[in-house]
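> Got a predicted structure here, sequence first:
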Amino acid sequence: MKTIILSIAVVLVCVILLGVRVLFVKGGRFPDGHVSHSKALREKGFGCASEE
């Protein structure tokens with residue numbers, strides 16, 4: 001039982017920490033992780049498999 005409660009607590013803390021920017025910063029949003037929107041990856045020649 002302690003393991004389940006500890007697991008739920010860890011997941012809850014992680015969700016809260018991930019959402020801090022979204023919840024408390026005006027205009028905050030999650031960072032875009034798509035390959036086509038990353039300048040560094042485009043310069044290295046990486047592309048999105050769905051676009052090919």
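Thanks, I have the structure now.
> For the rest of this, base every contact and every neighbour count on C-alpha atoms.
Noted.
> State the distance from residue 6 to residue 26.
32 Å (C-alpha to C-alpha, to the nearest Å).
> neighbour-wise, which of these two wins?
residue 6 (11 against 8; other C-alpha atoms under 10 Å).
> quick one, phi psi at the more buried one?
phi -60, psi -40 (degrees, to the nearest 10).
> distance of it from residue 25?
29 Å.
> How about residue 33?
Distance from residue 33 to residue 25, by C-alpha to C-alpha: 19 Å.
> One more: residue 46?
31 Å.
> What is the neighbour count of residue 19?
Count around residue 19 with other C-alpha under 10 Å applied: 15.
> actually residue 18, sorry about that
The burial count for residue 18: 12, using other C-alpha under 10 Å.
> Can you name the residues in contact with the helix or strand it falls within?
Per DSSP states H and E: residue 18 is located in helix 2-24. Contact partners of helix 2-24, identified using C-alpha atoms under 8 Å, 6 or more residues apart in numbering, comprise 28, 29, 30.
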